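Visitor: Sequence and predicted structure are below.
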Amino acid sequence: NDNRTVKNSNNMNGIRFAYHSTPLSVTNNGYAIIVNMPPSDNNKNAFKIGNQEYELSQIVIHSPSEHKIDGQSSKMEIQFEHSTPSGKLATVGVLVTQNSKGKENSELQKILDNASHQTDVTVTPSNTNIKPFKLLPSNKKSIYTYAGSLTIPPCTGGVDWYVLRYPLEVSAAQITAFQTLYRANFRVTQPLNGRVVEKNFK
């Protein structure tokens with residue numbers, strides 16, 4: 001969103017991330033780097049809003065970010081795509097910025113270490129797990145939300161977006177490493193077309 005039409009909301013209470021350690025599987029599909037999440041009936045990775053639960057299906061990484069806050073894009077964006085058994089879709093967007101002290105993010109590094117430079121290749125390293133929760137910023141309560149669509153083909157509509165206000169910080173070297181894979185794999189910011197962006201800051 002570009003913050004042109006934003007209103008306060010009290011409808012985002014009870015948002016919870018129930019993510020756990022999962023075997024790592026990384027795909028370069030020609031559009032983005034994707035971390036695959038195997039479906040699970042028991043210990044699923046879930047995004048919960050009130051009584052509604054969405055299961056995490058994949059994590060997609062773009063550079064630069066596809067969302068802007070106050071008109072400014074970020075170096076990267078990590079998107080957590082979720083769905084329900086009935087087909088409802090919810091995506092959480094996390095903007096990524098450079099850590100001034102050069103500290104890297106351990107989970108992003110696992111992805112970078114296993115992302116193929118060739119397209120249509122999936123790498124599943126043995127004995128390597130990823131913790132999606134560590135790809136979220138420390139403040140996960142301040143959120144923008146709006147109704148939109150997926151950003152990689154076929155750009156399916158009917159997606160509820162939740163964009164975290166505060167970014168995840170990673171090292172400059174990690175940003176550079178990702179940009180050797182994809183420097184411009186983003187969908188340009190779309191016009192709101194009458195839609196309203198809601199915010200709930202804590």
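Guide: Perfect, I can see it now.
Visitor: Next up, the contacts around residue 59.
Guide: Residues near residue 59 by CB atoms under 8 Å, 6 or more residues apart in numbering: 34, 35, 37, 78, 79, 80, 81, 132, 135. Where C-beta positions appear, they are placed from N, C-alpha and C, glycine not excepted.
Visitor: That one falls within a helix, correct?
Guide: No. Under DSSP: H, G, I helix; E, B strand; the rest coil, residue 59 sits outside any helix and is assigned strand.
Visitor: hey, what's it bridged with?
Guide: Beta-bridge partners recorded for residue 59 (DSSP bridges): residue 35, residue 80.
Visitor: Need the pLDDT of residue 136.
Guide: Looking at residue 136, its pLDDT stands at 97.
Visitor: count of neighbours near it?
Guide: 19 (other CB atoms under 10 Å).
Visitor: the bottom helix or strand of the protein by mean pLDDT?
Guide: In the chain, the helix or strand scored least confidently by mean pLDDT, DSSP states H and E is strand 6-8, which has a mean of 47.
Visitor: which residues touch residue 114?
Guide: By CB under 8 Å, 6+ apart, the contact list for residue 114 reads 24, 26, 123, 125, 128.
Visitor: Relative to residue 87, which of those is nearest.
Guide: Using CB to CB, residue 26 comes nearest to residue 87 of those, at 25.8 Å.
Visitor: That closest one reaches residue 33, doesn't it?
Guide: Yes. The pair residue 26 / residue 33 is scored as a contact, 6.6 Å apart, by CB atoms under 8 Å.
Visitor: any common contacting residues for the two?
Guide: 111, 115.
Visitor: middle-most residue in this structure, spatially?
Guide: Nearest to the mean C-alpha position of the chain, by CA atoms, centre = their mean, lies residue 79 at 1.5 Å.
Visitor: For it, which non-adjacent residue is spatially closest?
Guide: residue 60 (4.6 Å; CB to CB, 6 or more residues apart in numbering).
Visitor: count of neighbours near that neighbour?
Guide: 24.
Visitor: gap between it and residue 138?
Guide: Counting by CB to CB, to the nearest Å, the gap from residue 60 to residue 138 is 22 Å.
Visitor: Out of the contacts of residue 114, who's the most crowded?
Guide: residue 26 (24 neighbours).
Visitor: who does it bridge with?
Guide: In beta-bridge terms (that is, DSSP bridges), residue 26 pairs with residue 35, residue 123.
Visitor: residues contacting it?
Guide: By CB under 8 Å, 6+ apart, the contact list for residue 26 reads 33, 34, 35, 36, 111, 114, 115, 116, 122, 123, 124.
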